[in-house]
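Enquirer: build the 3D model from these lines:
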Amino acid sequence: MKILVVDDKQSLSDLVAQFLGQTYHVTTVENGMQALVSLHGGNVPDLIITDLEMPEMDGFELIKQLKASGLFSDIPIIVLSCRDSSADRIKSLQLGADDFLVKPFNPEELLIRVDKLVIRQ
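Expert: Residues are numbered from 1 along each chain as shown. This next block holds a predicted model:
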């Protein structure tokens, strides 16, 4: 099972990759644009974890593009953001995200949420 982590903070991507890497094959990219390039290059994950605030293409735009795409619209998405407003949660879920977790987060909780989404597929 493959997971793509999209976050411009390398330290956070490394932490998520290290923790989830015990169970899953994890790839990291720095923004939504790189994520789309990776996907179109044939690297299609079973799940995407994305931040909202990133350069070039933010998480909202990435979710929009993925859900509008016939190829990638079924990939589950977890938003992992330091933005804790109800409006951001609602917008993310309305655009098609499957879950929303606020940084700082408990890695065990993230793993449980990932497991549930991947098993549901």
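Enquirer: please make it C-alpha for all contacts and neighbour counts, starting now.
Expert: OK.
Enquirer: check which helix or strand covers the residue sitting nearest the centre point of the chain.
Expert: The residue lying closest to the centre of the chain (C-alpha atoms, centre = their mean) is residue 49, at 1.6 Å. With elements taken from DSSP states H and E, the one containing residue 49 is strand 47-50.
Enquirer: after that strand, which helix or strand is next?
Expert: As assigned by DSSP H and E, the chain's next helix or strand after strand 47-50 is helix 59-68.
Enquirer: pull out the buried positions in the next helix or strand after that following helix.
Expert: As assigned by DSSP H and E, the chain's next helix or strand after helix 59-68 is strand 77-81. Residues 77-81 are the ones in strand 77-81 that count as buried (16 or more other C-alpha atoms under 10 Å).
Enquirer: re earlier: what bridges to the residue nearest to the centre of the chain?
Expert: Beta bridges link residue 49 to residue 5, residue 78 when assigned by DSSP bridges.
Enquirer: that one touches residue 13, doesn't it?
Expert: No. The pair residue 49 / residue 13 is not scored as a contact, 9.6 Å apart, by C-alpha atoms under 8 Å.
Enquirer: between those two, what contacts are shared?
Expert: Both residue 49 and residue 13 are in contact with 5-6, where contact means C-alpha atoms under 8 Å, 6 or more residues apart in numbering.
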